[in-house]
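Trainee: when you get a sec, could you give me coordinates for this:
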Amino acid sequence: MTIVLGYDESPGAQRALEQAVDIAARMNETLVVVYADAPPSRMGEEFTAHAEALAEQGHKALADATTRARAAGVAVEVELVDERPAQALLDVADARDARLIVVGTYGESPLRSAILGSTPHKLLHWSTRPVLCVPPPAAEE
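Mentor: Numbers count the residues shown, from 1 in each chain. All right, here's what the predicted structure looks like:
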């Protein structure tokens, strides 16, 4: 089994990475770090430019996460997904038979996340697997 982490370099994601690495190390699980973003459409130059930017940003973001996980002795794999983050995490978790999905939060109010449909809020309602939502550091709230 694996631990799946949604990662975007935000303060909440940084803290979620710490928790996911700790859990993966304790459970001797592989950490799968996922960076996801939905392209604007599947055709034309806009799609190609977005896909290239996603790949570049994703590789940059995931490089730090993989370095930190490996330094802690955790086996790590990465996935760049052209899909909305919540659905991407659910799909990867299902494909990998994940034990847990870990995501950071942005310190939003419950009402704001319910209205805007934040990734953690969607995961809590859609996932059939356990979801750990990690708040950002207190100084970032």
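Trainee: quick one: the strands in the chain, in order.
Mentor: Assigned by DSSP state E, the strands in the chain fall at 2-6, 30-36, 76-81, 100-104, 131-134.
Trainee: so how far is stretch 94-111 from its chain's centroid?
Mentor: The chain centre lies 7 Å from the centre of stretch 94-111; the measure is CA atoms, centre = their mean, to the nearest Å.
Trainee: against Asp22, how distant is Glu29?
Mentor: Per CB to CB, to the nearest Å, Glu29 is found 11 Å from Asp22. Any C-beta I mention is one placed from the backbone N, CA and C, and that applies to glycine too.
Trainee: out of those two, which sits in the busier spot?
Mentor: Neighbours were counted for Glu29 and for Asp22 using other CB atoms under 10 Å; Glu29 has more, 18 against 13.
Trainee: pull the helix or strand with minimum mean pLDDT from this structure.
Mentor: Sorting the helices and strands of the chain by mean pLDDT, DSSP states H and E puts helix 110-116 at the bottom, at a mean of 50.
Trainee: hang on, the earlier thing: would you list the strands of the chain in JSON lines and tack on distance to Leu124, mean pLDDT and mean neighbour count?
Mentor: Shown next, in JSON lines, are the strands of the chain (distance: least, CB to CB, whole Å; pLDDT from 0 to 100; neighbours: other CB atoms under 10 Å):
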{"stretch": "strand 2-6", "distance to Leu124": "13", "mean pLDDT": "96", "mean neighbour count": "28"}
{"stretch": "strand 30-36", "distance to Leu124": "17", "mean pLDDT": "94", "mean neighbour count": "24"}
{"stretch": "strand 76-81", "distance to Leu124": "20", "mean pLDDT": "91", "mean neighbour count": "19"}
{"stretch": "strand 100-104", "distance to Leu124": "10", "mean pLDDT": "96", "mean neighbour count": "26"}
{"stretch": "strand 131-134", "distance to Leu124": "6", "mean pLDDT": "94", "mean neighbour count": "19"}
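Trainee: which one of the ones you listed lies nearest to Glu56?
Mentor: Glu56 lies closest to strand 76-81 among the strands of the chain, at 10.0 Å (CB to CB).
Trainee: please enumerate the helices of this structure.
Mentor: Listed in chain order, the helices of the chain (DSSP state H) span 11-27, 44-71, 85-96, 110-116, 119-126.
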